[in-house]
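A.B. asks: what follows is a predicted protein model with its sequence.
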Amino acid sequence: MELAFIPSPSRGVLYLGPIPLRGYAFCIIIGVFVAVWLGNKRWIARGGRAGTVADIAVWAVPFGLVGGRLYHVITDYELYFSEGRDWVDAFKIWEGGLGIWGAIALGALGAWIGCRRRGIPMPAYADAVAPGIAFAQAIGRWGNWFNQELYGKPTDLPWALEITSSADGRVPGTYHPTFLYESLWCIGVAVLVIWADRRFRLGHGRAFALYVAAYCAGRAWIEYLRVDDAHHVLGLRLNVWTAILVFLLAVTYFVLSAKKRPGREEVVEPGAAPSGGDTDSDQKAVGPDRDGDDAERAEAADDAGSGTADAADAARNEAGSGKKA
């Protein structure tokens with residue numbers, strides 16, 4: 001009896017004429033666009049200007065790509081600098097290999113530079129783009145499916161991933177689709193952050209901290225399933241320890257920030273209107289008073305006008321009666 005499984009693509013690159021379209025790079029690009037689009041909507045809802053998220057992303061995205069690649073190359077240096085390897089491959093980002101830890105760290109540096117140039121508080125910007133980053137990760141993980149990489153332990157589950165390539169030490173068979181697990185987890189993280197942000201009005205970087213903590217919680221157990229080569233510390237993969245450490249830092253920041261700076265920022269961008277909900281309520285509170293003042297002035301003017309007209313009519317009547325007499 002043939003078991004069901006998730007097939008892997010026969011190749012990870014398609015050609016549009018002479019132009020190669022690599023699945024891994026395509027997933028990364030689509031993820032970036034989704035993150036910027038959603039971040040822009042959330043930024044406007046918080047009272048920011050349209051286009052600000054994209055302007056800052058011009059700094060954050062390149063820094064993030066460099067950081068993600070550096071983390072991967074440093075933690076898996078033997079893939080590029082050991083005997084028989086070509087160090088030039090370290091620059092071939094389209095072949096896969098981006099570490100989310102380095103991408104977020106250096107991407108945050110790029111975003112900080114962009115925020116400084118615009119006079120924008122970095123925590124508010126991070127809160128706006130947090131769910132979009134999670135969605136971008138969910139999309140980007142499908143690039144690993146195109147490259148037949150980062151799968152888990154062997155399994156015969158109906159949703160097992162079929163690996164057909166034997167390159168770079170791969171053994172054809174069916175394995176846990178850890179790329180799919182992480183993709184679905186990231187979608188759940190994005191939904192969680194959006195819900196919590198609406199429910200509790202998270203501010204001052206707490207929505208971003210929630211995203212980081214929730215992602216790390218999932219990454220720890222997903223990392224445990226993977227079978228690709230990795231450095232181990234005290235019996236655990238390096239990325240598991242990284243996830244634990246970053247999780248603790250995120251939770252600590254969330255708790256301390258909530259005590260020190262409760263609530264949400266009133267103004268997130270200089271010169272922009274307050275957040276949508278606050279703006280509407282302010283306009284409703286001010287509008288009726290102004291309208292009432294205008295109505296009172298108009299009523300007073302009408303009264304004055306009618307009084308003048310009545311006086312003129314009375315004068316004419318008296319003049320007419322005098323002539324008759």
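C.D. replies: Cool, got the structure. Numbers count the residues shown, from 1 in each chain.
A.B. asks: contacts and neighbour counts: CA atoms only from here.
C.D. replies: OK.
A.B. asks: give the helix, strand or coil label for the most centrally placed residue in the chain.
C.D. replies: Relative to the mean C-alpha position of the chain, the nearest C-alpha, by C-alpha atoms, centre = their mean, is the one of Gly132, at 2.4 Å. Classification of Gly132 using DSSP: H, G, I helix; E, B strand; the rest coil returns helix.
A.B. asks: what does the model give it for pLDDT?
C.D. replies: Looking at Gly132, its pLDDT stands at 98.
A.B. asks: does it touch Ala190 like I think?
C.D. replies: Yes - between Gly132 and Ala190 there is a contact under C-alpha atoms under 8 Å: 7.1 Å.
A.B. asks: rewinding a little: the residue nearest to the residue nearest to the centre of the chain when sequence neighbours are not counted: which element?
C.D. replies: Nearest non-adjacent residue to Gly132, counting by C-alpha to C-alpha, 6 or more residues apart in numbering: Ala35, 3.9 Å away. Per DSSP states H and E, Ala35 falls inside helix 23-45.
A.B. asks: which helices and strands sit right next to that helix?
C.D. replies: Where contact means 3 or more C-alpha pairs under 8 Å, 6 or more residues apart in numbering; DSSP states H and E, helix 23-45 is packed against helix 52-75, helix 122-140, helix 142-147, helix 276-324.
A.B. asks: who's in contact with Phe91?
C.D. replies: With contact set as C-alpha atoms under 8 Å, 6 or more residues apart in numbering, Phe91 has no partners.
A.B. asks: 10 Å instead?
C.D. replies: 66, 69-70, 73, 80 (C-alpha atoms under 10 Å, 6 or more residues apart in numbering).
A.B. asks: can you pull out the low-pLDDT segments for this protein?
C.D. replies: The model of the chain has pLDDT under 70 over residues 1-4, 273-325.
A.B. asks: if we go to 50?
C.D. replies: For the chain, applying pLDDT under 50 flags the ranges 1-2, 276-309, 311-312, 314-325.
A.B. asks: what about Val88, neighbour count?
C.D. replies: By the measure other C-alpha atoms under 10 Å, the count of residues near Val88 is 9.
A.B. asks: backbone phi and psi for it, please?
C.D. replies: phi -60, psi -30 (degrees, to the nearest 10).
A.B. asks: chain neighbours aside, what residue packs nearest to it?
C.D. replies: Nearest residue to Val88 in three dimensions, chain neighbours excluded: Tyr80, at 7.6 Å (C-alpha to C-alpha, 6+ apart).
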